[in-house]
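>>> Below: sequence and its predicted model.
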Amino acid sequence: MQIIEITPEWIAEYESISSAFEVREILAVFTPGEGLGGIHLVPQTVPFPYIKDYDTLSPPRVWLAEFNTANWGFFLAKDAQGLTVGAASVAWNTNGVDMLEGRRDLSVLWDLRVHPDRRRQGIGAALFRHAADWSRRRGCTLMKIETQNINLPACRFYAAQGCVLGDIRRFAYRHITAVAHEVQINWYLML
């Protein structure tokens with residue numbers, strides 16, 4: 001497998017990799033004592049599994065219109081036959097990206113996706129390492145990764161990559177009707 005850095009002109013090929021996944025389990029949030037007893041994340045099976053596709057809310061081509069991506073990294077993972085099997089993007093040093101907190105030593109793994117037929121083969125881990133290396137080369141000391149409580153496979157993946165849970169924002173999406181029930185979970189990788 002080879003990982004190549006691409007320019008935004010390749011966004012259609014990037015988008016050809018689906019971001020969809022099946023939600024079978026979530027991390028339910030419990031706050032004993034109205035939160036004074038801490039926050040507990042407990043895996044729970046959902047009664048009716050469903051498909052979640054992040055691209056229905058914000059496909060990659062929209063990022064190009066919404067943000068100045070001049071300081072972003074875009075990557076494709078190609079297999080031995082030259083087929084695109086994964087993609088990732090990293091935001092860095094970009095005004096208007098709140099997750100960057102105005103810091104130049106922080107990057108955000110904006111997106112990571114692997115073709116559904118090629119998941120669990122190390123492609124995501126290779127893209128993740130590439131994104132971390134890209135961030136280090138820009139002087140970043142920390143990489144932030146946002147996911148949600150409905151994406152338990154992603155949470156387990158980021159923990160396996162050495163990330164630590166940094167914060168949980170229970171009401172981050174309440175203004176977005178389609179995802180108001182979801183909880184934002186932010187992971188961090190020390191670089």
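Received it, and whenever you're ready, just let me know what you need. In this text, all values refer to a predicted model and were calculated from it rather than measured experimentally. Numbering: from 1, shown residues only.
>>> From the centre of this structure, point out the most distant residue.
Distance from the C-alpha centroid of the chain, by Cα atoms, centre = their mean, peaks at residue 33 (31.2 Å).
>>> The helix or strand hosting residue 48 pairs with which strands?
According to DSSP states H and E, residue 48 maps onto strand 40-52. The strands beside strand 40-52 in its sheet (DSSP bridges) come out as strand 21-30 (antiparallel).
>>> Any buried residues in the strand holding residue 48, and which?
If you call a residue buried by 16 or more other Cβ atoms under 10 Å, then strand 40-52 has these buried ones: 41, 52. All C-beta spots, glycine's among them, are computed from the backbone N, C-alpha and C.
>>> Now tell me what touches the very next helix or strand once past it from outside.
Scanning forward in sequence from strand 40-52 by DSSP H and E, the next helix or strand is helix 60-66. Residues external to helix 60-66 that are found in contact with it (Cβ atoms under 8 Å, 6 or more residues apart in numbering): 8, 11-12, 14-15, 58, 69, 89, 110-111.
>>> and if we set it to 6 Å?
If you take Cβ atoms under 6 Å, 6 or more residues apart in numbering as the criterion, helix 60-66 is touched by 8, 11, 14-15.
>>> again, but for stretch 182-191
If you take Cβ under 6 Å, 6+ apart as the criterion, stretch 182-191 is touched by 29, 135-136, 140-150, 158, 163-164, 166-170, 172-173.
>>> residue ranges of the helices in the protein, please?
Remark: helices assigned in the chain by DSSP state H are 11-15, 60-66, 123-137, 152-160.
>>> mind giving me TSV with those helices and columns for distance to residue 48 and mean neighbour count?
As requested, the helices of the chain are exported to TSV (distance: least, Cβ to Cβ, whole Å; neighbours: other Cβ atoms under 10 Å):
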stretch	distance to residue 48	mean neighbour count
helix 11-15	28	16
helix 60-66	29	15
helix 123-137	27	19
helix 152-160	16	17
